[in-house]
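Engineer: Whatever this is, show me its structure:
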Amino acid sequence: MKMKKIIFILGVFCLINCSTSEDEIDDNQNNTDIFFVATNGITIKAKQNVAVGSKGILNGETYTLVDKQMIIEMRNNLQDLSKVVTTGIKDMSELFWSDRSFNQDISSWDVSAVTNMSRMFTNANDFNQDISNWDVSNVIDMSYMFGGTKDFNQNLNNWDTSNVLDMSLTFFSSNYNGNISSWDVSSVENMGQMFYDADNFNQDISSWNTSNVLNMTEMFFDCENFNQNLSSWIVNQITDESYVFTNTSGNEVKASGCINFSKDALNWTLPKPNFTNCN
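Structural biologist: As a prediction, this is how the structure comes out:
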C-alpha cells in the first residue's frame with residue numbers, strides 16, 4: 001500500500017513538473033513581451049538581452065529576432081522577411097545583391113545599429129518598398145547601395161545620413177529619381193560616380209553641404225536629365241590629385257577629384273560647382 005502511495009505521489013509530482021516545463025517552453029517561444037513598436041508606429045524592435053532566434057507575438061503576429069546569416073538563409077529559401085526583427089545587426093552589406101525578384105515589405109526592420117549598407121540592394125531590380133522610416137543614423141557606408149536598381153523610386157528625404165562617409169556609386173546606373181534634397185551629407189568624403197548613368201535623376205540637391213567631400217569623380221557622368229543649379233556647393237577640398245580612399249569595408253578606392261564630373265550630362269545648362277582646384 002505504501003509503495004502504491006509513493007508511486008502515486010511521484011506520478012503527480014512528475015505531471016506537475018512536466019506541465020510547467022512545457023508551459024515555460026511555450027512562453028519562451030511565444031513571448032508577448034520581447035518586441036515592441038517604435039515611436040514612429042512602424043519599426044519593430046527587440047528589448048535588451050533578447051537572444052537571436054527568439055520568437056514573440058506582437059499585435060497578433062509572430063516575429064523572430066534574426067541575425068544577418070538567418071536573413072540570408074531565409075532569403076535563399078524564399079521565406080517571409082516581413083516578420084523578422086533585425087535589432088542589433090550592424091552589417092547589411094550585399095544582403096539583396098543581384099536578387100532580382102526580391103520585393104518584400106521590410107519597412108518594419110530596425111536598422112538603427114547598422115553601419116554598413118554597401119551594395120545592399122545592388123541590381124535588386126524589382127525592389128520598390130517604402131523604407132522611408134528606416135533609422136540610418138549610424139550608417140557610415142552607403143556605397144553602391146541602390147546601384148543598378150530599376151524599380152526603386154521611394155522618397156528617402158527623411159533619412160538621417162549625417163554619419164555617412166562613403167556615398168560613391170550609391171545610385172550608379174539606377175532609375176532613381178526620388179526626393180533626397182534634405183540629406184545631411186556634411187560628413188561625406190566620397191561621392192565618386194554617385195549618380196553615374198542615373199538617367200532619370202533630376203532632384204534639387206542644391207542645399208547639400210559638400211564641404212568635406214574629397215572625391216566627385218564622374219559624379220554625374222552620363223546623367224542625361226540632370227539640370228540643377230549647384231553653384232552654391234562648397235568644393236574647395238576637391239583637387240585633380242589622385243589619392244586612395246579606404247571605405248568602411250576595407251576596400252581601397254582610387255579617387256581623382258573631379259575628373260569627368262559631368263561628362264555627357266547633356267541637358268545640364270544651369271550653373272555647376274566652381275572647382276577652383278581642378279583643371
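Engineer: Please report the distance of residue 229 from residue 106.
Structural biologist: As judged by CB to CB, to the nearest Å, residue 229 and residue 106 stand 36 Å apart. C-beta here means a position set from N, CA and C on the backbone, and glycine is covered the same way.
Engineer: what's the answer for residue 176, then?
Structural biologist: From residue 176 over to residue 106 the distance is 18 Å, taken as CB to CB.
Engineer: Those two: which is more packed in?
Structural biologist: residue 176 (23 against 20; other CB atoms under 10 Å).
Engineer: Return the set of buried residues in stretch 93-113.
Structural biologist: Using 16 or more other CB atoms under 10 Å as the test for burial, stretch 93-113 gives 93-97, 99, 102-103, 106-112.
Engineer: quick one, strands of the stretch 101-250 of the chain?
Structural biologist: Secondary structure of the stretch 101-250 of the chain (DSSP state E, counting those that start in this stretch): strands located at 243-246.
Engineer: Can you pull up the most central residue in the chain?
Structural biologist: Centroid-nearest residue in the chain: residue 117, 4.8 Å away (criterion: CA atoms, centre = their mean).
Engineer: That residue and residue 146 touch, don't they?
Structural biologist: No: contact criterion CB atoms under 8 Å: residue 117 and residue 146 do not qualify, at 9.6 Å.
Engineer: all helices for the chain, in order.
Structural biologist: 2-29, 68-76 (DSSP state H).
Engineer: And those, which one averages the lowest pLDDT?
Structural biologist: Least confidently modelled of the helices of the chain is helix 2-29, at a mean of 45 by mean pLDDT.
Engineer: Of the buried residues of stretch 93-113, just say which sits nearest to residue 71.
Structural biologist: Closest approach to residue 71 among these (CB to CB): residue 95, at 6.5 Å.
Engineer: Flag the shaky bits of the chain, pLDDT-wise.
Structural biologist: Scanning the chain for pLDDT under 70 picks out the ranges 1-30, 241-251, 253-255, 279.
Engineer: domains for it, by residue range?
Structural biologist: Segmentation of the chain into domains, based on automatic domain parsing, reads 1-28, 31-89, 92-102+112-279.
Engineer: Let me know which of those is tucked in deepest.
Structural biologist: Comparing the domains of the chain by mean neighbour count (mean count of other CB atoms under 10 Å), domain 92-102+112-279 ranks first with a mean of 19.
Engineer: from the middle of its chain, how far away would that domain be?
Structural biologist: Distance, stretch centre to chain centre, for domain 92-102+112-279: 14 Å (CA atoms, centre = their mean, to the nearest Å).
Engineer: Ok, stretch 97-117 next?
Structural biologist: Chain-centre distance of stretch 97-117: 6 Å, with CA atoms, centre = their mean.
Engineer: Pull up the distance across it, start to finish.
Structural biologist: One end of stretch 97-117 sits 11 Å from the other (CA to CA, to the nearest Å).
Engineer: got a list of contacts for stretch 225-232?
Structural biologist: Stretch 225-232 has contacts (CB atoms under 8 Å, 6 or more residues apart in numbering) with 195, 198-207, 220, 262, 265, 267-274.
Engineer: rerun at 6 Å
Structural biologist: Contacts to stretch 225-232, defined as CB atoms under 6 Å, 6 or more residues apart in numbering, come from residues 199, 201-202, 204, 206, 220, 265, 267-268, 270-273.
Engineer: Kindly report the same for stretch 168-188.
Structural biologist: By CB under 6 Å, 6+ apart, stretch 168-188 touches 142-150, 153-157, 161-165, 167, 190, 192-198, 200-201, 203-205, 208-209, 213.
Engineer: Spit out the contact partners of residue 271.
Structural biologist: 229, 231.
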